[in-house]
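J.: need a structure here:
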Amino acid sequence: MAVQDYVEYKTKKVPLDDAGYLVNFNDWNEGIAGILAEREGVGRLTPQKLDALKFIREHFRKYNFFPILGAVCKNVHLPKDCVSEEFLNPLIAWKIAGLPRPEEPVISLLEAGQSPG
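T.: Just a heads-up that it's a prediction; the model follows:
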């Protein structure tokens with residue numbers, strides 16, 4: 001996967017792949033998330049959105065897999081459709097959370113509004 005782009009945060013250039021996903025999971029922070037959210041048209045990240053992103057990242061770090069969408073909302077005490085309501089598309093949430101680009105079967109499930117888990 002070739003680096004196609006980058007975002008700048010403070011003095012650091014953070015590489016993105018050709019679809020706009022972070023190349024390195026550990027490059028993520030709230031500032032980078034804010035830049036990615038703007039690029040994706042999500043707007044300002046509220047504390048609730050940041051909580052959802054942090055939960056998504058922690059789940060992925062533990063299990064190497066995107067969490068069931070309803071679990072994200074339940075665990076951050078938001079309505080059951082919070083990912084769709086806050087980010088419009090789970091793939092956008094995945095990208096803003098700094099997760100690696102998913103494989104095609106996962107992309108298809110998420111685009112269909114289904115959870116991969």
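J.: how about K80, secondary structure?
T.: Here K80 is recorded as coil under DSSP: H, G, I helix; E, B strand; the rest coil.
J.: who are the contact partners of it?
T.: Listed by C-beta atoms under 8 Å, 6 or more residues apart in numbering, the contact partners of K80 are G70, C73, K74. All C-beta atoms are positioned from the backbone trio N, CA, C, and that covers glycine.
J.: repeat that for 6 Å
T.: Counting by C-beta atoms under 6 Å, 6 or more residues apart in numbering, K80 touches G70, C73.
J.: distance check, I35 against K10.
T.: 11 Å (C-beta to C-beta, to the nearest Å).
J.: same question for K49.
T.: In terms of C-beta to C-beta, K49 sits 21 Å off from K10.
J.: could you find the closest non-adjacent residue to I96?
T.: Excluding the flanking residues, the one nearest I96 by C-beta to C-beta, 6 or more residues apart in numbering is L36, at 4.6 Å.
J.: doesn't the one you found fall inside a helix?
T.: Yes - counting by three-state DSSP, one finds L36 located in a helix.
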